[in-house]
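Trainee: just to be clear, the model below is a prediction. Sequence and coordinates:
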Amino acid sequence: MIDALQDRLVSFLRRLMKRPRIDLPLAFGLLVLAGVGLTTLYSASGGSMPMILSQAGRFVMGGMLLLLISRIPPTVLRSWTPWLYAGSVALLLVVAALGEVRSGSKRWLDLGVLSFQPSELLKLTMPMMVAWYLHPRQLPPSWKDIVTVGILIAIPAGLIAEQPDLGTALLVSAAGAFALFLSGMRWWKIGSLLAVVGGMIPVAWHFLHEYQRNRVRTLLDPESDPLGNGWHIIQSQIAVGSGGLFGKGWQHGTQSRLDFLPEHTTDFIFAVFSEEFGLVGVIGIMLLYAFIIGRCLWIAMEARDTYSRLLAGAIGMSFFVYVFVNGGMVAGMLPVVGVPMPLISYGGTSAVSLLTGFGVLMSIHANRKVHD
Amino acid sequence: MALKRRRSMKDARGESALFQRRALAGFVLILLGLCTLVARYHYLQVQRHDEFALRSENNRIKPRAIPPARGLIFDRNGVLLADNVPAFRLEVVPEQVPDMKAMLAEIGTVVPLGDDDIETFKKQLKQNRRFDSVPLKLHLTEDEIARFAINRWRFPGVDVVPYLTRRYPYGPLFAHVVGYVSRIDADDLNRLDADRYKGTSHVGRSGLERSYEDTLHGEPGYELVEVNADGRTQAVLETHPPTPGKNLYLSIDVRVQKAATEAFDGRPGSAVAIDPRNGQVLAMVSVPSYDPNLFVNGISKADYTAYMTAEDKPLLNRALKSAYPPGSTVKPFLALGGLEMGIRRPEDTVLSTGQFCIPGQQRCYRDAEVGGTGVTNMVRAIELSTNTYFYKLALDMGIDRLSSWMGGLGFGKKTGIDLLGEAEGILPSREWKATRSKYPWFQGETVIAGIGQGYWNVTSLQLAHATATLAGHGIPYEPRLVMATAAVKEHPVPLPNPPTGPSLIRKPHDWDVVNQGMEAVVTGGTGKRVFIGFPYVVAGKSGTAERFSRRSNEVDNNKNTAYLAARHRAWFIAYTPTEAPRIAVVAMLEAGAWGADDAGPIVRKVMEAWIAATGGSVPPKSAPEGVPAGPSSVPEVPEDIPVATPADMPAGPPPDSSSTAQPDDGGNP
């Protein structure tokens, strides 16, 4: 029994090594991005080798997960989808009931050996669920389907926002919404839905935590509070702005090196990048992100069925949300939300969950349509 | 069924085309989003570049912590015991140092650095922001300051900075009470609140400096300073001053403390004096002592080795940590217990013949005097320290009631004094033995527990606490060294110290009997030579505990004092005035021949100093008869609250004391 299992595992690994069914352009893009991330981290952390090594370790772990998941055919993923979704929502409920509170919010589940945030799982299971739901339906979706998808998104998003973790709630909802968008939802329906959402903003304001409201207020007038909330925004903009066209050079960003810039290895690492590599570097990295997202959509277009198409497209597009929200926050364009710059910010869970998502894309790529 | 129909109707090719259009639209939207981002970055990095570049360049306004001044420590009259004096130290601003390793290697040739200095510096370096200055070496000598001044140009980011260091004007006299501060080391950094200790270089290491660290430390402030390219301060823009730590006022009087120390004449031992009315410690001495000033800025290896290897252990706080058998000093307490439990009436007598045998057993226990004291009642048994009386009392009481009663007086547990590291001693009990021995409790062990031998171990502090509780008519107070604290520029606020429970004595007459016995000790018993000519009635009890167990029942006839001192520990407990006790004193000599003759004079000297210090005007009857100074008289009379006295008030006795102070008229052998 165990021997048989072992044999299967060995042969599986052997096949994996022989013919990794991955999309080379996408893999190349991710590798370059990871390299840029480690380089920036080296400078931002003041040359801390332990941080570099632990981040590289996470990349390796994420890469292995990527290869592993790329072996699971999309049809199998589809059949698992309702269970995965239900399981991750159940974990969210567990966190709400008895999660561990860290720095004021209840996001963590302590499993003894490791603790993780179940909300990270939703970043993947959310678009999977929406794609699963829309897969057998007549597209473009009807109002009834749209409402159902809305409920599927709202339940976990609400639980995550309650933790409170607005950044992840945003990413999770966006991933679901993108699947709906890609399913061909009529433009006039999208327009009216956006109008309704826009109309609800004053109501949502009422439900925000005081610290979240302060972040929005500070964004509108950062100079009003230069030592408190506004400090992040001002210092980050000074870092970005002083970088100029070509930047101050690698490891020469004074803002971060003098500790003026808070969180300069995690959420604000892109300010370090912008300071040291300038607008040229920013444009370069934006092109890289655009390439990765474009490649994801390409893989989606080549996909065999609706489920794979919607899932691949939604994963690719939600990657953009990371970039836009983090980049906007660093540039003082959006409020401070805990969204990392993908594969550049230091930190474990996001790198691993992102690479897992790319594993799904690889699997979809491997099972693409055969061209006539 | 409907689903199936719809599925079959799904137009795969149409859906694929729809998706492709949507994916393209999505990609266009994403490109637009990314372009918006780039536009924003262009706006910041190109259009507003000059402005931000300037702000980055001028971004040299930094918050800098201002450490609080440590609270001062005064005696009960405002005499300064721990002071802050200006000194200079070497500080480093890490971000201004081009090459830390080279700097550390090179600066050692100008200002010698120890390994500790460098280790602590490196640790602190990691815990501070790069623009926070970190102390490298404390307490520079004039010579070092001069040499650094010449070489300063070679070390950007390093500077000589004034700071306040601790000084203990009385040196060894208060070392075991006040303790000392020393430089924050690598371990401290892990346990202290980094924000609260930013800029602070010292932390309380022992004594009150340690136990009142929180009170003494204060809260740091900060200033916003503008620094130039070298990190040197150009201007202070804003100052938020720190809140200095609170000052402490001890209940100890410097003069009493001094007299107590001198009374030991260098012989190892300890003495504690407590005010029975409120638990305030009036003197606390452990001989020999050490100079706390040596520890403040790092003690030299030679000095430290000398202290550590000295045979009489000057660093050991004997009053707090050395527990020894109390010997006969337990007898008055036991007698009180016998009365309270109704086991003895004052008039009950015991025939003392020189030895006491447990009925039905071979083993016998000896009296101190050959031949015994004859027919002996309680008062006489206390006066003459008749072992037989207490052997029998202990046996009748039984070990359980004995240890429960003595435990109520505070033996076998911490007294709760405001110092750390108190020893618990040993209160003999079945439970205590059960955890350490496989044998059951033996009756013989109860017998010797009755005279303070056997398993018994008490500290001077515990015995003083018990004596004070007895003197205060049974009302227990935790001993307190600090009686008031004062925030800067404010009047001292007394720290409340309510009794820890109701009086242990239910029948006031019981107290009178024990008191009568203890008065007799001083007037005619073992202590009669000690208190001749003393102005107040004193109640006392001596104790001479054996340091080794006897090997035989032979009567030892060796009367050589030096020989006996090597075998005995001498105790003496006493309180005065007996009408309304205001001071209880315990003295212990680690090597004393006889409790009364050797420890007794120390007690007398402490009491005399106390009389002189309180102006020699102890009213003969300060409290109505029979009414103990109990909770009703708390808070204490104003004289116990120190006045905000100038720090340099002379330590001498008040002017009127010379006329009333009692001459020492040969009462001491």
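Mentor: Thanks, I have it. Residues are numbered from 1 along each chain as shown, chains lettered A, B, ... in the order given.
Trainee: could you pull up the residues touching whatever residue of chain A ends up closest to chain B?
Mentor: Nearest residue of chain A to chain B: residue A:241, at 2.6 Å (CB to the nearest CB). C-beta here means a position set from N, CA and C on the backbone, and glycine is covered the same way. By CB atoms under 8 Å, 6 or more residues apart in numbering or on different chains, the contact list for residue A:241 reads B:44-45, B:48-49, B:51-53, B:55-56.
Trainee: how about residue B:445?
Mentor: B:399, B:428, B:433, B:454-455.
Trainee: now do 10 Å
Mentor: B:394, B:399, B:428, B:430, B:433, B:439, B:453-455 (CB atoms under 10 Å, 6 or more residues apart in numbering or on different chains).
Trainee: same thing with residue A:310?
Mentor: A:127-128, A:130-135, A:139, A:178-184, A:300, A:303, B:19, B:22.
Trainee: so which of these are in strands?
Mentor: In strands, judged by DSSP state E, none of these are found.
Trainee: what pLDDT does the model give the residue of chain A closest to chain B?
Mentor: On the pLDDT scale, residue A:241 is placed at 89.
Trainee: equivalent analysis for residue A:84, please.
Mentor: The model's pLDDT for residue A:84 equals 92.
Trainee: mind listing what it touches?
Mentor: Counted by CB under 10 Å, 6+ apart, residue A:84 has contacts A:77, A:121-122, A:124-125, A:128-129, A:132.
Trainee: likewise residue B:457?
Mentor: B:322-326, B:411-412, B:423-428, B:545.
Trainee: make it 8 Å
Mentor: Residue B:457 neighbours (CB under 8 Å, 6+ apart): B:323-325, B:425-426.
Trainee: what is the burial count for residue 334?
Mentor: Since no chain was named, I'll use chain A. 18 (other CB atoms under 10 Å in any protein chain shown).
Trainee: that's the wrong chain, I meant chain B
Mentor: 27.
Trainee: with residue B:305 instead?
Mentor: 11.
Trainee: where's it, which helix or strand?
Mentor: Assessed by DSSP states H and E, residue B:305 sits inside helix B:301-309.
Trainee: contacts for that helix?
Mentor: B:290, B:294, B:314-315.
Trainee: what comes up buried for that helix?
Mentor: residue B:307 (16 or more other CB atoms under 10 Å in any protein chain shown).
Trainee: right, and the helix or strand after that helix?
Mentor: helix B:318-321.
Trainee: run the chain-centre distance for that following helix.
Mentor: Distance of helix B:318-321 from its chain centroid, counting by CA atoms, centre = their mean, to the nearest Å, is 10 Å.
Trainee: got the contact list for the closest residue to residue B:379 other than its chain neighbours?
Mentor: Leaving aside its sequence neighbours, residue B:379 sits nearest to residue B:517 (CB to CB, 6 or more residues apart in numbering or on different chains; 4.3 Å). With contacts defined as CB under 8 Å, 6+ apart, residue B:517 is in contact with B:332, B:335, B:378-383.
Trainee: show me which residues of the stretch 151-300 of chain A sit near chain B.
Mentor: A:178, A:181-184, A:235, A:237-245, A:254-255, A:257-260, A:274, A:278-279, A:282-283, A:286, A:289-290, A:293-294, A:297, A:300 (CB under 8 Å from any CB of the partner chain).
Trainee: return the helix or strand encompassing residue B:336 as PDB; C-alpha atoms alone will do.
Mentor: Using DSSP H and E, residue B:336 sits within helix B:331-340. Output in PDB follows, covering the C-alpha atoms of helix B:331-340 (Å, rounded to 0.1, in the frame of the first residue of the first chain):
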ATOM      1  CA  LYS B 331      10.400  31.700  72.800                       C
ATOM      2  CA  PRO B 332       8.300  34.800  73.500                       C
ATOM      3  CA  PHE B 333       6.300  34.100  70.300                       C
ATOM      4  CA  LEU B 334       5.700  30.600  71.300                       C
ATOM      5  CA  ALA B 335       4.700  31.700  74.800                       C
ATOM      6  CA  LEU B 336       2.200  34.100  73.300                       C
ATOM      7  CA  GLY B 337       0.900  31.200  71.100                       C
ATOM      8  CA  GLY B 338       0.500  29.000  74.100                       C
ATOM      9  CA  LEU B 339      -1.600  31.700  75.900                       C
ATOM     10  CA  GLU B 340      -3.700  32.500  72.900                       C
END
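Trainee: mean confidence score for that helix?
Mentor: For helix B:331-340, the per-residue pLDDT averages 93.
Trainee: tell me the spacing between the residue of chain A closest to chain B and residue B:45.
Mentor: Residue A:241 sits at a distance of 6 Å from residue B:45 (criterion: CB to CB, to the nearest Å).
Trainee: residue B:596 too?
Mentor: For residue B:596, the distance to residue B:45 - CB to CB - is 91 Å.
Trainee: mind listing what the residue lying closest to residue A:240 once chain neighbours are set aside touches?
Mentor: Excluding its sequence neighbours, the residue lying closest to residue A:240 (CB to CB, 6+ apart) is residue A:274, at 4.4 Å. Residue A:274 is in contact with A:239-240, A:243, A:247, A:281-282, A:330-331, B:41, B:45, counting by CB under 8 Å, 6+ apart.
Trainee: same check on residue B:511?
Mentor: B:336, B:470, B:473-474, B:505.
Trainee: redo those residues as TSV? Include distance to chain A and neighbour count.
Mentor: Shown next, in TSV, are the contacts of residue B:511 (distance: CB to the nearest CB, whole Å; neighbours: other CB atoms under 10 Å in any protein chain shown):
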residue	distance to chain A	neighbour count
B:336	55	25
B:470	53	27
B:473	53	22
B:474	50	24
B:505	53	20
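Trainee: okay then, goodbye and thanks.
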